[in-house]
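Q: what follows is a predicted protein model with its sequence.
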Amino acid sequence: MSRHQSFASSLRWWRRHRGLSQLDLAGRTEISQRHLSFMELGRASPSRDMVMRLAVALDVPLRQHNALLIAAGFAPVWRQTDLAAPELGQIRSALDYMLAQQEPFPAVAVDRHWNLLRSNSGAVRLVEFLVGPLAPDTPVNLADALVSPGVLRPYLLNWADVLRYFVRSVEADAAADGTPETAALHERLLAYEGVRAALNAASTELAITPVLPMHFRKGNISLRLFTTIATLGTPQDITLQELRVECFFPMDEETAGVLRGWLAESQSMPLKQNVAGSSQS
């Protein structure tokens, strides 16, 4: 496929994906429908400025914005910076502040495919309670952990109801960004045992609460948590545009008490160890 044909097919795909007619998109970018039609047919070559205008009009994510530029023969504009890079120091400080402010309740930062990037101590305590401690630097994908049979599912009493919301959100992400990677994540989740049946089943929990909580139970401890998801405003870096901060809040006082109790226990442990050490010296 030639360069012009590659850009043309991508442009047609994004326009149709956004549900726009050629006339609609031409109006948004203040060009003639004829010019747009020629670009979609590969008969006209867009300028770099035109690619940028089209990408903005189509609300194309930064990663795919770069792909459109490359397909048109231009260098990519948007960077993808490692979160650990020095130039993102202030962003990391802001993330750490947000995660710390959420204590003793859990909070995590994830990328667009739900790979865990950062977490606070409240999240660590919750995971250790449910599935045990993880080895340092163990890669964690929260989508797989939620949907697969052997991690969180055994302790999530309303797994099917939570699953329906979560998988639909991943499906929406796949539709929004149009990348094979997000589509592959969606297919991977659908392939787990029991997922398709759960998606097609009727809801087991009446909508009697303002939000759907995640209801965990292990032994005689019951935890009901709801979440909020935050993103960075006006990102100009691919990593930052795809970053999400998810905070977990207690749905009831029983859950809040358990989470606060875990924090108190964790804070008293070093003290106990120091006292024991002193008594031995």
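A: Ah, there it is.
Q: at the geometric centre of this protein, which residue sits there?
A: Among the residues of the chain, the smallest C-alpha distance to the mean C-alpha position (CA atoms, centre = their mean) belongs to residue 112, namely 4.1 Å.
Q: and that residue, what helix or strand is that in?
A: Residue 112 belongs to no helix or strand when assigned by DSSP states H and E.
Q: wait, what's in contact with it?
A: For residue 112, the set of contacting residues under the criterion of CB atoms under 8 Å, 6 or more residues apart in numbering consists of 173, 177, 182, 242, 244. The C-beta positions use only the backbone N, C-alpha and C, and glycine is treated the same way.
Q: distance of it from residue 173?
A: Between residue 112 and residue 173 the computed distance is 7 Å (CB to CB, to the nearest Å).
Q: residues that sit against both of these two, list them.
A: Common neighbours of residue 112 and residue 173, counting by CB under 8 Å, 6+ apart, are residue 182.
Q: what about the strands in this protein?
A: According to DSSP state E, the chain carries its strands in the segments 107-110, 116-119, 214-218, 221-230, 244-250.
Q: between those strands, which gets nearest to residue 154?
A: The minimum distance between residue 154 and these falls on strand 214-218, with 8.7 Å, by CB to CB.
Q: correct me, but residue 130 touches residue 152?
A: Yes: with the criterion set as CB atoms under 8 Å, residue 130 and residue 152 qualify as a contacting pair; they are 6.4 Å apart.
Q: of the two, who's got more company?
A: Set side by side, residue 130 and residue 152 show unequal neighbour counts under other CB atoms under 10 Å, the larger going to residue 152 at 21 against 18.
Q: for the more buried one, list the residues it contacts.
A: For residue 152, the contacting residues are 130-131, 145-146, 159, 216, taking CB under 8 Å, 6+ apart as the criterion.
Q: state the pair within those that is farthest apart.
A: The largest distance within the contacts of residue 152, taken as CB to CB, falls between 131 and 159 and amounts to 14.4 Å.
Q: higher neighbour count, the two?
A: Applying other CB under 10 Å to residue 131 and residue 159 shows that residue 159 carries more neighbours, namely 22 against 15.
Q: next up, the contacts around the residue lying closest to that one once chain neighbours are set aside.
A: The shortest distance from residue 159 to any residue other than its chain neighbours is 5.1 Å, reached at residue 153 (CB to CB, 6 or more residues apart in numbering). When the contact criterion is CB under 8 Å, 6+ apart, the partners of residue 153 are 146-147, 159.
Q: cutoff 10 Å now
A: Residues counted as contacts of residue 153 (CB atoms under 10 Å, 6 or more residues apart in numbering) are 145-147, 159-160, 162-163, 192-194.
Q: now the buried members of the residues you listed.
A: Members of the contacts of residue 153 that pass the buried threshold by neighbour count (16 or more other CB atoms under 10 Å) are listed as 145-147, 159-160, 162-163, 192.
Q: output those residues as a markdown table; include the columns pLDDT and distance to residue 59.
A: Conversion of the buried ones among the contacts of residue 153 to a markdown table gives the following (pLDDT from 0 to 100; distance: CB to CB, whole Å):
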| residue | pLDDT | distance to residue 59 |
| --- | --- | --- |
| 145 | 96 | 30 |
| 146 | 96 | 28 |
| 147 | 97 | 28 |
| 159 | 95 | 33 |
| 160 | 93 | 33 |
| 162 | 94 | 28 |
| 163 | 95 | 28 |
| 192 | 96 | 31 |
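Q: same list (the residues you listed) but as JSON lines, adding distance to residue 125.
A: JSON lines is the format used below for the buried ones among the contacts of residue 153 (distance: CB to CB, whole Å):
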{"residue": "145", "distance to residue 125": "16"}
{"residue": "146", "distance to residue 125": "18"}
{"residue": "147", "distance to residue 125": "22"}
{"residue": "159", "distance to residue 125": "21"}
{"residue": "160", "distance to residue 125": "26"}
{"residue": "162", "distance to residue 125": "20"}
{"residue": "163", "distance to residue 125": "24"}
{"residue": "192", "distance to residue 125": "26"}
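Q: what segments of the stretch 51-200 of the chain are helices?
A: Taking DSSP state H, counting those that start in this stretch to define them, one finds helices in the stretch 51-200 of the chain at 62-71, 89-101, 121-131, 142-147, 159-177, 180-190, 195-200.
Q: could the ones you listed go into a markdown table alongside distance to residue 80?
A: What follows is the helices of the stretch 51-200 of the chain, written out as a markdown table (distance: least, CB to CB, whole Å):
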| stretch | distance to residue 80 |
| --- | --- |
| helix 62-71 | 7 |
| helix 89-101 | 14 |
| helix 121-131 | 25 |
| helix 142-147 | 21 |
| helix 159-177 | 14 |
| helix 180-190 | 13 |
| helix 195-200 | 31 |
